[in-house]
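J.: How does the following fold in three dimensions:
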Amino acid sequence: MNAIEVDSLVIAYGAGRPAVDGLSLSVRHGSFFGLLGPNGAGKSSFISCIGGLVRPSSGTVRVLGLDAVTDRAVVARRLGIVPQSLALYGDLSVRENLRFFAGLYGVRGASLAGRITAALDLAQLTDRAGSRVSTLSGGMARRLNLAVALLHDPEVIICDEPTTGVDPQSRLHLFDALRRLHAEGRTVIYTTHYMEEVEALCHDVAIVDRGKLVALGPLQELLASHGLEGPEPTKSQSFTVVAPAEVDPAGIVLLLKRAGIPSEGVTPVRATLEDVFMARTGRALRDGEPCRPN
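T.: Numbers count the residues shown, from 1 in each chain. This is a model prediction of the structure:
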């Protein structure tokens, strides 16, 4: 069973182009899945639909075999969402925030203290448990935002741009925490504008543009399909020569030698995820998604 199954999903907020337009994809159970797209690609609408916050105009979304609309309450107990905007109460302490959200998730009784202790440890905020959230740094608040989403021990975790505005140390801590959670068997869906984050974390990648799926597959297969695989060049000075795929690197070395140009070798340049992304979506600037009605 896949963790997420999306079939012909359409999400429209009125007249005009749908935010999500016939999207179909699957997320393997236990996958670390990267979701990429320009502004207005439909990522936020897609995530909101998985979480039951937006109803599909047509099509279906299933989470762990459950319908995201008709089984919304059950899905919510098995899904953890780390929103892009901080979902915390600044006037409450770190511990008070955790107790409040634990109650919303139905975590009570004997397990409550243990879950809060584990959340404080995950966020590395044990020594700040009594501090108001408004006094935390951006990195601390982001770590707490992640910990809140994990209070009910969800099987699927969705992170919507979780490193926006954080310092490098906090970003690495978030990476380590997500890797540990994934190693424990959880499915992680990660959306970001930072290509290097997806390359560092994700095994499978989907790229959406204008509400449609434009690329899907294992990260290494997407990179290989865009350019030749190989180690990064290690020369002190390098030049880029664009040549047809059938050209033998040894032939380039020979031509350079005949021209009196010394070289240490010719190494095919490995494609990056940004290369794939730009090739599939183009370079035009994008506006955000359509405003949703109140």
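J.: tell me what the helix ranked longest in the chain is packed against?
T.: The longest helix of the chain (DSSP state H) is helix 168-183. Contacting helix 168-183 under the criterion 3 or more Cβ pairs under 8 Å, 6 or more residues apart in numbering; DSSP states H and E are the following elements: helix 138-149, strand 156-160, strand 187-191, helix 195-201. Any C-beta I mention is one placed from the backbone N, CA and C, and that applies to glycine too.
J.: make it 6 Å
T.: With contacts taken as 3 or more Cβ pairs under 6 Å, 6 or more residues apart in numbering; DSSP states H and E, helix 168-183 sits against no other helix or strand.
J.: buried set for that helix?
T.: By 16 or more other Cβ atoms under 10 Å, the buried positions in helix 168-183 come out as 170-171, 173-174, 177-178, 181-182.
J.: Mind listing residues that contact that helix?
T.: For helix 168-183, contacts defined as Cβ atoms under 6 Å, 6 or more residues apart in numbering pick out 32, 122, 139, 162-163, 188.
J.: re the thing from before, output the buried residues of helix 168-183 in JSON lines, with distance to residue 89 and pLDDT appended to each entry.
T.: Shown next, in JSON lines, are the buried residues of helix 168-183 (distance: Cβ to Cβ, whole Å; pLDDT from 0 to 100):
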{"residue": "170", "distance to residue 89": "20", "pLDDT": "83"}
{"residue": "171", "distance to residue 89": "24", "pLDDT": "84"}
{"residue": "173", "distance to residue 89": "22", "pLDDT": "87"}
{"residue": "174", "distance to residue 89": "21", "pLDDT": "88"}
{"residue": "177", "distance to residue 89": "22", "pLDDT": "90"}
{"residue": "178", "distance to residue 89": "24", "pLDDT": "93"}
{"residue": "181", "distance to residue 89": "24", "pLDDT": "92"}
{"residue": "182", "distance to residue 89": "29", "pLDDT": "95"}
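J.: is it true that residue 142 touches residue 166?
T.: Yes - the pair residue 142 / residue 166 is scored as a contact, 4.9 Å apart, by Cβ atoms under 6 Å.
J.: Neighbour count for the two, which is higher?
T.: residue 142 (25 against 19; other Cβ atoms under 10 Å).
J.: Please name the residues that touch the more buried one.
T.: By Cβ under 6 Å, 6+ apart, the neighbours of residue 142 are residue 166.
J.: same thing but 10 Å
T.: Contact analysis of residue 142 by Cβ atoms under 10 Å, 6 or more residues apart in numbering lists 82, 86, 88, 123, 136, 162-167, 170-171, 173-174.
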